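Asks: Only the shape, not the letters, is given here:
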C-alpha cells in the first residue's frame with residue numbers, strides 16, 4: 001500500500017459534526033469541530049439544559065455549512081453525571097461515546113495548563129482521531145442499559161451500609177479508647193452497660209460523652225437493621241428470579257453457585273457487575289476490567305514492576321480476592337490451587353499476597369471460560385446435589 005492509498009483510507013467522505021462535553025455542576029462547555037485542522041468552536045450552556053444542547057448543535061451545523069441530516073458524534077468523560085446524558089443523546093439519534101477518564105492522553109510536564117475550554121478542545125480532537133480509526137487513542141466504556149444499571153443497586157447499597165457500619169464501630173471504639181476503655185468482641189452497648197462503663201480512674205463517663213456514644217450506637221443499630229432488611233430483600237429477589245427461568249441472570253448465577261467455594265453473594269456480584277452484561281473477547285480484557293493486571297515500567301536499563309493497575313471495577317476486585325482465598329480452601333484438588341501451593345504457599349507473607357492476587361486474576365478468567373463454554377476449571381469440583 002503506497003502513501004497516497006493509506007491517506008485516502010482514513011479520509012472521512014461524509015460530513016460529520018464532532019461534539020465534546022466538558023461537564024460540571026453549574027456550566028457545560030460544548031466543543032464542536034468537523035475535522036482535524038479545524039478550530040474548535042466552544043460554547044457555554046447551563047448544566048442540564050437539553051434544549052440548549054439541541055440549539056447549539058443546529059447552530060454548529062449552520063456555522064460549519066453542514067446539512068441538517070449530517071451525522072453527529074459526541075463524547076464526554078465518565079463521572080458524576082453517569083449515563084443519563086448518553087441515553088439522551090442516543091434518543092436524539094446522536095452517536096455518543098463515554099470516555100474512560102484515566103485513558104485520556106495528558107501532558108506529562110510537572111506544571112501544565114488546565115481549563116474546561118482546553119479540556120473540551122482536547123476531547124474533540126481525541127474523538128476525531130477515534131472516529132478516523134485510531135481506536136487505541138482512548139478507551140470507551142460499555143454503557144449498561146437502564147435495567148442492567150438498576151440491577152446493580154441492591155448489592156451496592158449493601159456494600160455502602162457495611163462500610164458505614166465499620167466506620168461507626170471504629171468511631172465508637174476510638175471515643176472509648178480516649179478514656180482508657182477497650183471493648184473486645186462485637187459492639188453491643190445496651191443503655192445499662194453504657195452506664196456501667198468506667199474510665200481509667202474508675203469514674204463514670206461524662207454526660208456529654210455518654211450522649212455522644214449513645215447517639216453513635218443508635219446510628220449503628222439503625223445501620224444493622226437496614227443491612228438485615230436488604231439481605232432479606234436479596235434473598236427474596238433471588239427466589240423470585242429463580243422462579244423465572246427465562247431471566248437473563250438466573251442461569252449464570254446458578255452456574256457459579258454450583259461450584260464449591262462460590263456462594264450466593266459472590267455469584268450475585270460477579271453476575272450483576274461483571275459477567276452478566278459485559279462482553280469479553282479474551283482473557284486480557286477480563287483481567288484488565290477487574291484491575292488485576294500487572295503494570296510494568298521499562299525504560300533503558302530500568303525495569304520495575306509497579307503492582308496491579310487497580311483500574312477496574314472495585315466491587316469485582318474485592319470479591320475476586322476473597323473468592324481466591326475460598327478457592328484455595330474449598331477446591332484443594334484444582335490445578336489453580338496446586339499452582340499456588342507450589343509457587344507461593346511456602347514463601348513469605350508478601351509473596352503469598354502477590355500470589356493470591358494472581359490466583360484471583362486466573363480464577364476470573366477460568367470462571368469466564370466456564371460460563372461461556374461450560375467447561376469446569378481443571379480439577380474443580382461441583383457441590384453435592
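Replies: Noted; the coordinates are in hand. In this text, all values refer to a predicted model and were calculated from it rather than measured experimentally. Numbering: from 1, shown residues only.
Asks: and residue 163, helix, strand or coil?
Replies: helix (DSSP: H, G, I helix; E, B strand; the rest coil).
Asks: which parts of stretch 306-316 are buried?
Replies: Neighbour-count burial for stretch 306-316, counted by 16 or more other CB atoms under 10 Å, picks out 308, 311-313, 315-316. For glycine as for every other residue, the C-beta is placed from the backbone atoms N, C-alpha and C.
Asks: and residue 76, that's in a strand?
Replies: Yes. With three-state DSSP as the criterion, residue 76 is part of a strand.
Asks: Show me what the residue lying closest to it once chain neighbours are set aside is bridged to.
Replies: The shortest distance from residue 76 to any non-neighbouring residue, by CB to CB, 6 or more residues apart in numbering, is to residue 21 (3.7 Å). Taking DSSP bridges as the rule, residue 21 bridges to residue 30, residue 76.
Asks: which residues of the stretch 51-200 of the chain score low on pLDDT?
Replies: Applying pLDDT under 70 to the stretch 51-200 of the chain picks out residues 110-117, 189-191.
Asks: can you pull out the strands in it?
Replies: Under the criterion DSSP state E, counting those that start in this stretch, the stretch 51-200 of the chain carries strands at the ranges 71-77, 95-99.
Asks: still on that earlier bit, from the buried residues of stretch 306-316, which is closest to residue 206?
Replies: Closest approach between those and residue 206, by CB to CB: residue 315, at 41.3 Å.
Asks: That closest one is in contact with residue 157, isn't it?
Replies: No. If you go by CB atoms under 8 Å, residue 315 and residue 157 don't touch, sitting 11.8 Å apart.
Asks: This structure - how does it break down into domains?
Replies: Here the domain assignment for the chain is 3-143, 150-242, 250-373, based on automatic domain parsing.
Asks: Ok, which of those comes nearest residue 383?
Replies: Of all the domains of the chain, domain 250-373 comes closest under CB to CB, at 5.5 Å.
Asks: just to revisit the earlier point, quick one: the buried residues of stretch 306-316 as a markdown table, columns for secondary structure, distance to residue 46 and pLDDT too.
Replies: Output for the buried residues of stretch 306-316, formatted as a markdown table (DSSP: H, G, I helix; E, B strand; the rest coil; distance: CB to CB, whole Å; pLDDT from 0 to 100):
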| residue | secondary structure | distance to residue 46 | pLDDT |
| --- | --- | --- | --- |
| 308 | strand | 41 | 83 |
| 311 | coil | 33 | 80 |
| 312 | coil | 34 | 79 |
| 313 | coil | 33 | 84 |
| 315 | helix | 34 | 87 |
| 316 | helix | 37 | 91 |
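Asks: Now for these: which two are most distant?
Replies: 308 and 315 (15.7 Å).
Asks: on that earlier part again, tell me which of the domains of the chain sits most buried.
Replies: domain 250-373 (a mean of 17; mean count of other CB atoms under 10 Å).
Asks: and that domain, how far apart are its ends?
Replies: 17 Å (CA to CA, to the nearest Å).
Asks: Run the chain-centre distance for that domain.
Replies: 15 Å (CA atoms, centre = their mean, to the nearest Å).
Asks: about what we covered before: present the domains of the chain as TSV; the columns should include distance to residue 384.
Replies: What follows is these, written out as TSV (distance: least, CB to CB, whole Å):
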stretch	distance to residue 384
domain 3-143	37
domain 150-242	19
domain 250-373	9
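Asks: Please name the nearest non-neighbouring residue to residue 219.
Replies: Once flanking residues are discounted, residue 219 sits nearest to residue 168: 5.7 Å by CB to CB, 6+ apart.
Asks: For the one you found, which residues are in contact?
Replies: 216, 219-220, 223 (CB atoms under 8 Å, 6 or more residues apart in numbering).
Asks: Narrow these to those in helices?
Replies: Taking DSSP state H, the ones among these that sit in helices are 216, 219-220, 223.
Asks: Return the residues in contact with the residue nearest to residue 76.
Replies: 28-30, 74-76, 85, 120, 123.
Asks: Would you mind measuring from it to residue 303?
Replies: With the distance defined as CB to CB, to the nearest Å, residue 21 ends up 40 Å from residue 303.
Asks: Residue 52 now?
Replies: Residue 52 sits at a distance of 52 Å from residue 303 (criterion: CB to CB).
Asks: Please enumerate the helices of the stretch 201-350 of the chain.
Replies: Secondary structure of the stretch 201-350 of the chain (DSSP state H, counting those that start in this stretch): helices at 207-242, 250-257, 264-269, 283-289, 314-330, 335-343, 349-373.
Asks: packing partners for the fifth one?
Replies: It refers to helix 314-330. helix 153-177, helix 264-269, helix 335-343, helix 349-373 (3 or more CB pairs under 8 Å, 6 or more residues apart in numbering; DSSP states H and E).
Asks: Need the contact partners of the second one.
Replies: Yep, that's helix 264-269 we're talking about. 155, 234-235, 238, 253-254, 256-257, 315-316, 319, 322-323, 326.
Asks: list the contacts for the closest residue in space to residue 100 that isn't next to it in sequence?
Replies: Excluding the flanking residues, the one nearest residue 100 by CB to CB, 6+ apart is residue 139, at 4.0 Å. Counting by CB under 8 Å, 6+ apart, residue 139 makes contact with 99-100, 102-103.
Asks: how far away is residue 139 from residue 200?
Replies: 56 Å.
Asks: Residue 249 too?
Replies: 54 Å.
Asks: now the end-to-end length of stretch 281-300.
Replies: Between the opening and closing residues of stretch 281-300 lies a distance of 33 Å (CA to CA).
Asks: hmm, who's touching it?
Replies: For stretch 281-300, using CB under 8 Å, 6+ apart, the contacting residues are 274, 278, 280, 303-314, 316-317, 320, 357, 360-361, 364-365, 368.
Asks: The ones in helices among the contacts of residue 168: which two are farthest apart?
Replies: 216 and 223 (10.6 Å).
Asks: quick one on the thing from earlier: export the contacts of residue 168 to a markdown table and tack on distance to residue 342 and pLDDT?
Replies: As requested, the contacts of residue 168 are arranged in a markdown table below (distance: CB to CB, whole Å; pLDDT from 0 to 100):
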| residue | distance to residue 342 | pLDDT |
| --- | --- | --- |
| 216 | 48 | 91 |
| 219 | 48 | 93 |
| 220 | 45 | 91 |
| 223 | 43 | 94 |
